[in-house]
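Q: The following comprises the amino acid sequence and a computationally predicted model.
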Amino acid sequence: MTFVLLANVAATLFMTGLTWFVQVVHYPLFPLVGGDGFSEYHQRHSNRTTWVVLPPMLVELITSFVLLNDPPGDELGLAVAGAVLAAATWALTAVGAAPAHGRIGREGLNPELQRRLIRISWVRTVTWTAHAGVVIALLSVAID
């Protein structure tokens, strides 16, 4: 179970750091790209981002659910919280962030779409940050 826990911790902490970077630095800079080049920029951004986030998100989700079978220190409550938070980030991505990016790709960036993307991204950022707290607690239990 040590490998599963370490993979979960690594993937969750990676995604937490990445989502904070995207939320605080990347998304607020979208308007500075400019209208003429934004469509191509956004398309390339979306394609490249998928390759960066999909593997750790999959690892995070799978290992979060595997930990339910044998949670560190029998801390089932923490394992359940981790699995719920991992599933929540996927749901928020599927019903919030991905559709917002889809609309931006089709319609271009406008202030309303940017606000929508940033709002849903804040919810995902908080969710990933909470999951980071859970995996650190699980790791702490495993170390003791």
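A: That came in fine, so what should we check first? Numbers count the residues shown, from 1 in each chain.
Q: can you count the residues close to Ala94?
A: 10 (other CB atoms under 10 Å). All C-beta atoms are positioned from the backbone trio N, CA, C, and that covers glycine.
Q: ok, it - contacts?
A: By CB atoms under 8 Å, 6 or more residues apart in numbering, the contact set of Ala94 is empty.
Q: swap in Ser64?
A: Asn8, Thr12, Ala79, Gly82, Ala83, Leu85, Ala86, Ala87, His131.
Q: residue contacts, the third one?
A: Meaning Ala79. Ser64, Leu67, Leu68, Pro71, Pro72, Leu138.
Q: May I ask which helix or strand encompasses it?
A: Assigned by DSSP states H and E, Ala79 falls within helix 76-92.
Q: distance between that helix and the chain's centre?
A: 12 Å (CA atoms, centre = their mean, to the nearest Å).
Q: Could I get the buried residue list for that helix?
A: Neighbour counts using 16 or more other CB atoms under 10 Å place Leu78, Ala79, Ala81, Gly82, Ala83, Leu85, Ala86, Ala88, Thr89, Leu92 of helix 76-92 among the buried residues.
Q: Could I get the average pLDDT for the host helix or strand of Arg116?
A: In this assignment (DSSP H and E), Arg116 forms part of helix 111-143. When pLDDT is averaged along helix 111-143, the result is 96.
Q: Direction-wise, compare that helix with helix 76-92 and give the angle.
A: Angle, helix 111-143 to helix 76-92, by axes from the mean of the first three to the mean of the last three CA atoms, to 10 degrees: 160 degrees.
Q: same for helix 111-143, what does it pack against?
A: Helix 111-143 is packed against helix 2-21, helix 27-29, helix 76-92, helix 98-107, with contacts defined by 3 or more CB pairs under 8 Å, 6 or more residues apart in numbering; DSSP states H and E.
Q: buried stuff in it?
A: Quick answer for helix 111-143 (16+ other CB under 10 Å): 113-114, 116-117, 120-121, 124-125, 127-128, 130-135, 137-139, 142.
Q: Can you tell me how far Phe3 is from Phe65?
A: Noted for Phe3: a distance of 15 Å to Phe65, by CB to CB, to the nearest Å.
Q: what about these two, which has more around it?
A: Taking neighbours as other CB under 10 Å, Phe3 and Phe65 compare with Phe65 leading, 15 against 8.
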